[in-house]
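Trainee: sharing a model that was predicted from the sequence below.
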Amino acid sequence: MLLAVDIGNTNIVFGCVTDNDKIVVSERISTNHNATAAEYASLIKNILEMNDFKCSDIDDAVMSSVVPSVTNTVKTAIRKLFGVEAMTAGPGVKTGLNILIDNPKQLGSDQAVDAVAAINTYPAPLIIIDMGTATTISVIDKNKNYLGGLIMTGMGVAADALINRTAQLPKIDFELPPNIIGRNTIDCMKSGALYSNACAIDGIIERIEDELGERCTAVATGGLSSTVIPLCRKKIHIDNDLLIRGLTIIYHKNKKK
């Protein structure tokens, strides 16, 4: 079984994939910049046991990361637990993705992995929305070339900035209020955070389609996508296994025979 790991600024996603590419585990934990390799090893072991698997079930590992300070710590944890060297998505690793941005090395590994999964799952052209610490939007043309995209402030970051810069606004959970028109401070903040992001995503999809001159398949992933995307008016597929599937595809493209 393959262990697939994506390290983000806020969360780390762990997935287990069987030999026939079925995802049997998908768990998310908070990224801890101060955790040791032993602490991460303990977390990974607990995730496996919680899902009725053992360390001996893992044959190999693949990972992507946008947090360099955590990358080696998690790689060491994987080595300690499973005795394997995790393949890492990045420069020199084959993805099958034709990247047409000015400097392909600047493309985040998570965006590349999302794109690899998307072009192998959905019809192009594609718009891929990944809602994490930042909300990234990637655009794939009809020939499956990666054209570029947008980077927006993530909903959690924006809410934290608002709370930190005001004297009387409290911290909120991202839960849907009963109405778009809030009748108290908490509901006003929830409505503002959720609907502003939904409207932004709808508007950006519309403008990207106008620029391309054709309709696109829109796909969303990331921790906040299941909360925001149902509020959008555009048709957008929610696919929270996108990263794990992309890492699995990259692993197969690079695995030594």
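Mentor: That came in fine, so what should we check first? Residues are numbered from 1 along each chain as shown.
Trainee: when you work out contacts or count neighbours from here on, use the C-alpha atoms and nothing else.
Mentor: Noted.
Trainee: bridging residues for the residue nearest to residue 205 when sequence neighbours are not counted?
Mentor: Distances taken as Cα to Cα, 6 or more residues apart in numbering place residue 127 nearest to residue 205, at 7.3 Å, with adjacent residues excluded. Each beta-bridge partner of residue 127 is listed here: residue 139, residue 218, as defined by DSSP bridges.
Trainee: just to check, residue 127 is in contact with residue 137?
Mentor: Yes. Counting by Cα atoms under 8 Å, residue 127 does reach residue 137; the two are 6.7 Å apart.
Trainee: what about the helices in the stretch 1-150 of the chain?
Mentor: Listed in chain order, the helices found in the stretch 1-150 of the chain under DSSP state H, counting those that start in this stretch are 37-50, 68-82, 109-119.
Trainee: what about residue 49, neighbour count?
Mentor: 12 (other Cα atoms under 10 Å).
Trainee: then residue 1?
Mentor: One way to gauge burial is a neighbour count; for residue 1, by other Cα under 10 Å, it gives 19.
Trainee: tell me how far it lies from residue 55.
Mentor: Noted for residue 1: a distance of 10 Å to residue 55, by Cα to Cα, to the nearest Å.
Trainee: follow-up on the earlier one: the residue nearest to residue 205: how many residues sit nearby?
Mentor: In terms of burial, residue 127 registers 25 neighbours under the definition other Cα under 10 Å.
Trainee: how much space separates residue 140 from residue 105?
Mentor: Applying Cα to Cα, the value for residue 140 to residue 105 is 17 Å.
Trainee: ok, residue 182 next?
Mentor: Taking Cα to Cα as the criterion, residue 182 is separated from residue 105 by 44 Å.
Trainee: between these two, which one's more packed in?
Mentor: A direct count of neighbours by other Cα under 10 Å for residue 182 and residue 105 places residue 182 higher, at 15 against 11.
Trainee: poorly predicted segments of the stretch 101-250 of the chain, please.
Mentor: Judged against pLDDT under 70, the stretch 101-250 of the chain has no low-scoring part.
Trainee: what ranges does the chain have for its strands?
Mentor: Secondary structure of the chain (DSSP state E): strands at 2-7, 11-17, 23-30, 60-65, 87-88, 98-99, 126-131, 134-140, 145-153, 217-221, 237-238.
Trainee: export these to TSV and tack on distance to residue 252?
Mentor: What follows is the strands of the chain, written out as TSV (distance: least, Cα to Cα, whole Å):
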stretch	distance to residue 252
strand 2-7	11
strand 11-17	12
strand 23-30	15
strand 60-65	10
strand 87-88	11
strand 98-99	18
strand 126-131	22
strand 134-140	22
strand 145-153	20
strand 217-221	22
strand 237-238	24
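Trainee: nearest residue to residue 60 in space, please, no chain neighbours.
Mentor: Nearest in space to residue 60, with sequence neighbours left out and distances taken as Cα to Cα, 6+ apart, is residue 2 at 5.1 Å.
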